[in-house]
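In: here is a sequence together with a model predicted from it:
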Amino acid sequence: MKTKHAVRGALVNSALIMVSRILGFIRDVAMLAVFGLSPLLGAFNIAWVVPNMFRRLLGEGAVAAAVQPALARVEEDEGEDSARELFAGFQASVLSILLTVLVIAWVGLFVYRGTISDESALQTNLFYLLLLPYMVPICMCALASAPQNLHGHFFWPAVTGVILNACWLVTVFAASYWASNDGEQLQILCGGILFGGMLQWGAQLRGLKKIGWTYSLKWKAQLSQQKQTFVKFVPALIGLAALQVNLLADQFLVRFIVGPEANTFSYIANRLLQLPLALVGVAAMTGAMPLFARLAAKKDFDGMNYNLRRASELTVTIMLCAFSGLFVLALPVIEVLFEHGKVTAADSELLASTLRAYLWVLPIAGVSGLLTRGLQALHSYKLPMIASIVAVPVNLILDIVLLPRYGVVAAGWATSIALLVQLLVLSVGLRSEHLRFPLPPKSVWSWMLPAVTTFAAAHYSHHFLLVEKPLANLLLAIACGGVAALATMAVTRRTDLVGLLRAVRGTN
């Protein structure tokens with residue numbers, strides 16, 4: 001797999017993620033307009049966080065980090081037929097594990113339900129019971145994406161988010177006609193989400209067929225290779241879990257320390273954060289991981305360092321531009337998107353402050369995510385695991401200390417600081433794995449200058465080029481910030497910008 005294939009894969013992911021996120025924003029606007037920032041919606045959101053974390057962890061890296069290097073090595077050494085057989089074994093084993101975990105979780109939730117008397121806790125428990133089965137199809141989707149990405153096919157894995165958000169939206173509007181109250185509407189929505197999960201899984205089976213692979217279950221296929229991969233899967237999962245675990249911890253701690261409706265503020269801020277994080281960071285990681293796996297299988301360390309540097313510099317450049325634009329436009333973005341129905345101006349102010357606190361995550365997560373995937377492609381799982389394990393308690397301690405004093409905004413600060421600690425730990429151990437830190441000091445100006453011009457252009461256009469309608473004013477500011485970023489990158493990162501444009505033409 002060549003570098004251009006990785007770039008094209010990232011662009012395909014980014015384009016479909018954009019469609020998915022647009023539908024997701026429409027979905028969030030509809031949810032807030034219908035349910036408001038209520039404790040009931042907070043209960044639904046806290047229950048959705050768990051299956052959604054499985055989607056982010058497995059669909060955005062953990063499965064690829066463990067499975068793709070194994071498939072690449074078997075295919076390199078023994079041929080594609082052996083890789084297909086190994087994949088059939090993975091599918092059987094993962095499905096068995098997921099169903100076992102689901103049954104155990106259901107039993108635990110039913111037992112716990114018998115001890116609950118609080119109405120809010122009962123409602124949350126019900127949402128958990130209804131939503132947890134979603135983890136089965138979405139995890140199988142993540143597994144099915146691994147061989148597709150490895151063979152340069154990115155469309156079907158990337159379209160899963162579009163399918164889910166479309167099903168979600170249809171169900172929200174349909175439930176408003178079928179149900180008599182908010183609780184019933186949310187229960188119907190849970191059913192729509194599960195249906196969307198099955199459609200997502202079906203799409204991946206089509207994607208496997210496109211590359212000549214099939215859906216099959218072989219429990220005893222290449223057991224020794226399966227065992228080796230699953231032994232690596234746990235540290236791979238831990239190594240990628242820091243951001244998602246920290247965001248999950250924020251949801252729970254904000255709800256219990258600040259208030260029962262407060263986790264919706266952090267949830268919406270995270271949803272906005274996920275747009276640039278997924279469009280740039282996850283897309284780059286998804287596109288780069290198959291390339292890293294191929295290079296690692298050939299022990300091409302020079303190729304690894306070269307591609308890791310280019311991917312990291314371009315990713316952090318775009319992430320910082322997104323940071324600058326969203327920092328300036330946080331409040332108008334939230335007013336345009338969410339200040340409808342039951343959402344007030346005071347809610348928008350708090351949401352904007354929470355979003356700004358989380359924005360520091362963007363450049364840090366982009367670099368640490370690429371470093372983690374580069375290390376895991378080399379079958380180096382210990383360092384990312386240690387870095388992740390260190391980051392989680394840092395976030396928890398900061399949440400516990402800061403949330404009572406500063407409120408929900410402090411959750412963003414805590415997560416950002418914890419991820420910076422994770423990046424520092426990763427950087428310390430790179431040399432022992434034949435890797436170099438991918439952001440050399442001499443290139444700092446080339447990725448900082450576009451962010452500065454983006455900030456200036458967005459700020460000036462929003463405050464001084466006043467347009468009567470808020471939406472038109474916001475779009476003008478976004479356009480000015482985007483033009484400033486591209487114009488500056490044409491000077492500071494010309495090679496990367498030309499490569500991106502060529503890749504865009506190549507995907508048409």
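Out: Sure, I can see it. Being a predicted model, the structure only gives us computed values, none of them experimental. Numbers count the residues shown, from 1 in each chain.

In: flag every buried residue along the host helix or strand of L253.
Out: Using DSSP states H and E, L253 falls within helix 242-253. By neighbour count on 16 or more other Cβ atoms under 10 Å, the buried set for helix 242-253 is A242, L243, Q244, V245, N246, L247, L248, A249, D250, Q251, L253. All C-beta spots, glycine's among them, are computed from the backbone N, C-alpha and C.

In: check stretch 478-487 too.
Out: Residues I478, C480, G481, A484, A485 are the ones in stretch 478-487 that count as buried (16+ other Cβ under 10 Å).

In: any chance you could list what contacts that stretch?
Out: Residues from elsewhere that reach stretch 478-487 (Cβ atoms under 8 Å, 6 or more residues apart in numbering): 318, 321, 324-325, 328-329, 450-451, 453-458, 460-461, 465, 497.

In: for stretch 100-119, same thing?
Out: For stretch 100-119, the surrounding residues in contact (Cβ under 8 Å, 6+ apart) are L122, N125, Y128, L129, L132, P133, M135, V136.

In: ok, the third one touching V50?
Out: Yes: using Cβ atoms under 8 Å, Y128 is in contact with V50, at 7.1 Å.

In: buried among the contacts of stretch 478-487? Need that as a selection in ChimeraX.
Out: Per 16+ other Cβ under 10 Å, the buried members of the contacts of stretch 478-487 correspond to this ChimeraX selection:
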select :318,321,324,325,328,329,450,451,453,454,455,457,458,461,497
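
In: among the contacts of stretch 478-487, name the ones in helices.
Out: Here DSSP state H is the test, and the contacts of stretch 478-487 give 318, 321, 324-325, 328-329, 450-451, 453-458, 460-461, 497 as lying in helices.

In: of Y128 and V50, which one has the most company?
Out: Y128 (22 against 17; other Cβ atoms under 10 Å).

In: skipping its backbone neighbours, what lies nearest that one in space?
Out: A47 (4.7 Å; Cβ to Cβ, 6 or more residues apart in numbering).

In: surely that neighbour and L131 touch.
Out: Yes: using Cβ under 8 Å, A47 makes contact with L131 at a distance of 5.3 Å.

In: helices of the stretch 401-508 of the chain, start to end?
Out: 409-428, 444-464, 470-492, 494-507 (DSSP state H, counting those that start in this stretch).

In: I'd like these as JSON lines, with distance to L95 and mean pLDDT appended.
Out: Below are the helices of the stretch 401-508 of the chain laid out as JSON lines (distance: least, Cβ to Cβ, whole Å; pLDDT from 0 to 100):
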{"stretch": "helix 409-428", "distance to L95": "32", "mean pLDDT": "93"}
{"stretch": "helix 444-464", "distance to L95": "43", "mean pLDDT": "92"}
{"stretch": "helix 470-492", "distance to L95": "43", "mean pLDDT": "91"}
{"stretch": "helix 494-507", "distance to L95": "33", "mean pLDDT": "69"}
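
In: and the ones you listed: which comes nearest L217?
Out: Closest to L217 of those is helix 494-507 (Cβ to Cβ; 33.8 Å).

In: now the closest residue to G325 other than its chain neighbours: how far from F54?
Out: Leaving aside its sequence neighbours, G325 sits nearest to G481 (Cβ to Cβ, 6+ apart; 4.4 Å). Using Cβ to Cβ, to the nearest Å, G481 is found at 34 Å from F54.

In: same deal with P137?
Out: P137 is 10 Å from F54, where distance means Cβ to Cβ.

In: quick one, strands of the protein?
Out: Taking DSSP state E as the criterion, the chain carries no strands.

In: how is it carved up into domains?
Out: Domain assignment of the chain by automatic domain parsing yields the ranges 3-439, 442-508.

In: looking at the ones you listed, which one is packed in the most?
Out: Comparing these on average neighbours per residue, with mean count of other Cβ atoms under 10 Å, the densest one is domain 3-439 at a mean of 20.

In: where does the chain dip in pLDDT?
Out: 1-14, 56-65, 219-223, 281-283, 286, 466-467, 500-508 (pLDDT under 70).

In: return the residues in contact with the closest residue to A451 other than its chain neighbours.
Out: Excluding the flanking residues, the one nearest A451 by Cβ to Cβ, 6+ apart is L320, at 3.6 Å. Neighbouring residues of L320 by Cβ under 8 Å, 6+ apart: L362, P363, W447, M448, P450, A451, T454.

In: tell me where the stretch 51-200 of the chain has helices.
Out: Under the criterion DSSP H, counting those that start in this stretch, helices of the stretch 51-200 of the chain are mapped to 63-78, 80-113, 119-131, 135-150, 155-158, 160-178, 182-210.

In: L273 is nearest to which of those helices?
Out: Smallest distance to L273 across the helices of the stretch 51-200 of the chain (Cβ to Cβ): 15.4 Å, for helix 160-178.

In: so which elements touch the closest one?
Out: Here helix 160-178 touches helix 3-35, helix 182-210, going by 3 or more Cβ pairs under 8 Å, 6 or more residues apart in numbering; DSSP states H and E.

In: all helices of the stretch 251-400 of the chain, in order?
Out: 262-276, 283-297, 301-338, 345-358, 361-377, 382-406.

In: what's the last one packed up against?
Out: So that's helix 382-406. Secondary-structure packing of helix 382-406 (3+ Cβ pairs under 8 Å, 6+ apart): helix 223-240, helix 242-253, helix 361-377, helix 409-428.

In: contact partners of the shortest one?
Out: Outside of helix 242-253, the residues that reach it under the criterion Cβ under 8 Å, 6+ apart are 45-46, 49-50, 53, 56-57, 263, 266-267, 270, 361, 365, 387-388, 391-392, 395-396, 399-400, 403, 411, 414-415, 418-419, 422.

In: returning to that earlier point: now the helices and strands packed on helix 160-178 in CSV, please, with extra columns for distance to R84.
Out: As requested, those are arranged in CSV below (distance: least, Cβ to Cβ, whole Å):
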stretch, distance to R84
helix 3-35, 21
helix 182-210, 10
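
In: I am finished for the moment; much appreciated.
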